[in-house]
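1. one predicted model, sequence on top.
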Amino acid sequence: MKTSDIKDFTVEALQNKLADNETEMANLRFQKALQQLEKPTRVRELRREIAQIKTVLKEMDLGIREKKGLEK
């Protein structure tokens, strides 16, 4: 997922996506421990995506980035 795509999500959508990604990361780590991991590059992609989502959420909390989906 690109950073430009993440900018268009609402806060709730970002939090849901973050929870899904963290669950998937736990599953990938479990597969890696059992040596059943088919796509090892997915771990790196997922780790970066989680960091990007957390960054956008933090920027929204600090007021650096405008929150989407809110009435003005």
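-> Received, thanks. Being a predicted model, the structure only gives us computed values, none of them experimental. Numbering: from 1, shown residues only.
2. ok, then the element right after the helix or strand where K17 lies?
-> Element membership for K17 (DSSP states H and E) is helix 11-33. Later in the chain than helix 11-33, the nearest helix or strand by DSSP H and E is helix 41-62.
3. what residue is smack in the middle of the chain?
-> Nearest to the centroid of the C-alpha atoms of the chain, with distances taken as Cα atoms, centre = their mean, sits I50, at 3.3 Å.
4. list the contacts for that residue?
-> I50 sits next to L18, N21, E22, M25 when contact means Cβ atoms under 8 Å, 6 or more residues apart in numbering. In short, each C-beta sits where N, CA and C put it, glycine included.
5. if you rank the residues you listed by neighbours, which is first?
-> Within these, neighbour counts (other Cβ atoms under 10 Å) peak at N21, which reaches 19 neighbours.
6. that residue touches R47, doesn't it?
-> No - taking Cβ atoms under 8 Å as the definition, N21 is not a contact partner of R47, at 9.0 Å.
7. give me the below-cutoff pLDDT ranges for the chain.
-> The model of the chain has pLDDT under 70 over residues 69-72.
8. and the residue nearest to the centre of the chain, how close does it get to Q31?
-> 17 Å (Cβ to Cβ, to the nearest Å).
9. many thanks, I have nothing further to ask.
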